[in-house]
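Q: sharing a sequence plus its predicted fold:
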Amino acid sequence: MKKGILAILVSFVLLPSFAAKPPVKILVVTGGHGYNKETFNEMLNSLGSGFTFEVAELPDAFRMFLPENRNKYDVLLFYHMWQTITPEQKEAFVSCIKDGKPVVALHHSICAFDDWEEYWRIIGGKYFHKPTILDGKEYPACSYIHDLHFKVKVADKKHPVTKGINDFEIFDETYKGYWVDPSVKVLLTTDEPSSTPVISWAKKYGKAKIVVLQSGHDTPTFQQAEFRNLLRQALQWVVK
């Protein structure tokens, strides 16, 4: 009888350790570029019960980088193309990420902040809207082409972001000529001539993990199984 009671007590003590983990809270930062909100949100809902999300549009979203708001989310998902930012907003933005708030950046997020080089360093890439000199090299304005079928190659099949994902074909928008930090970990590439070869990478900025997926223009990509898996695994990896 005593053994039975002891077993029950032990089970109650151990129960919290087997409780489900709270979902990862995603703050989706948008602004400066339109998108199909319905199918984009469907993609986020498809990530499953392990994630919840809230959308914050710039410039109002800048307040979420302030210290008093950083505990309201676990990871930043950039899907913006915002350009203007004040010195105070820059300071909060940088300290938020440098102190460890992870980022997954999609598509036109590499086109943001044309006049703020530190943002380019944070995400490890930049689409140039105008001729720009960076690290002593002059880059011409980049180019893009909508609605192309092209092949995506997994460059590192052992990385947690790409694990279990095979090479695939996508229907999306390509960017050509953008800068990619040479120190990043390359995850995906393409041989499509209208694209820069490196189309996904991982890096760190301060204490934060960063993943960039250049794809993600519209509904066909939002609904693609491989892209959804990449996004899910990127979010899981950066928050660990």
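A: Yes, it's here.

Q: by mean pLDDT, point me to the weakest helix or strand of this protein.
A: Ranking every helix and strand in the chain by mean pLDDT, DSSP states H and E puts helix 2-14 at the bottom, with a mean of 46.

Q: contacts for the following helix or strand past it next, please.
A: The helix or strand immediately downstream of helix 2-14 is strand 24-31, counting by DSSP states H and E. By Cβ atoms under 8 Å, 6 or more residues apart in numbering, the list of residues contacting strand 24-31 from outside reads 44, 50-59, 61, 64, 72-82, 235-236, 239. Glycine gets a C-beta too; all of them are placed from N, C-alpha and C.

Q: pull the number of nearby residues for residue 240.
A: Residues lying near residue 240 (other Cβ atoms under 10 Å) number 9.

Q: where does pLDDT dip in this structure?
A: 1-19 (pLDDT under 70).

Q: quick one, longest strand in the protein?
A: strand 143-154 (DSSP state E).

Q: tell me where the protein has strands.
A: Along the chain, counting by DSSP E, strands occupy 24-31, 51-57, 75-80, 103-106, 125-126, 132-134, 137-139, 143-154, 168-176, 179-180, 185-189, 198-205, 208-213.

Q: distance of the closest residue to residue 177 other than its chain neighbours relative to residue 116?
A: Distances taken as Cβ to Cβ, 6 or more residues apart in numbering place residue 142 nearest to residue 177, at 4.1 Å, with adjacent residues excluded. Here the criterion is Cβ to Cβ, to the nearest Å. By it, residue 142 lies 17 Å from residue 116.

Q: same deal with residue 125?
A: Counting by Cβ to Cβ, the gap from residue 125 to residue 116 is 14 Å.

Q: go on, residue 67?
A: Taking Cβ to Cβ, one finds residue 67 at 21 Å from residue 116.

Q: ok, the two, which is more surrounded?
A: residue 116 (18 against 10).

Q: wait, that one sits on residue 86?
A: No: checked against Cβ atoms under 8 Å, the pair residue 116 and residue 86 is beyond contact range at 10.8 Å.

Q: mind listing what residue 108 touches?
A: Here residue 108 is in contact with 33, 79, 80, 81, 127, 217 (Cβ under 8 Å, 6+ apart).

Q: any idea what the one residue sitting closest to the centre of the chain is bridged to?
A: By Cα atoms, centre = their mean, the chain has its centre lying nearest to residue 104, at 1.5 Å. Beta-bridge pairing for residue 104 (DSSP bridges): residue 77, residue 211.

Q: tell me, how many residues neighbour residue 39?
A: Look at residue 39: counted by other Cβ under 10 Å, it has 14 neighbours.

Q: ignore the last one, residue 171
A: If you count neighbours by other Cβ under 10 Å, residue 171 ends up with 15.

Q: could you check how far the residue lying closest to it once chain neighbours are set aside is from residue 33?
A: Leaving aside its sequence neighbours, residue 171 sits nearest to residue 220 (Cβ to Cβ, 6+ apart; 4.4 Å). Using Cβ to Cβ, residue 220 is found at 17 Å from residue 33.

Q: thanks again, I'm all set now.
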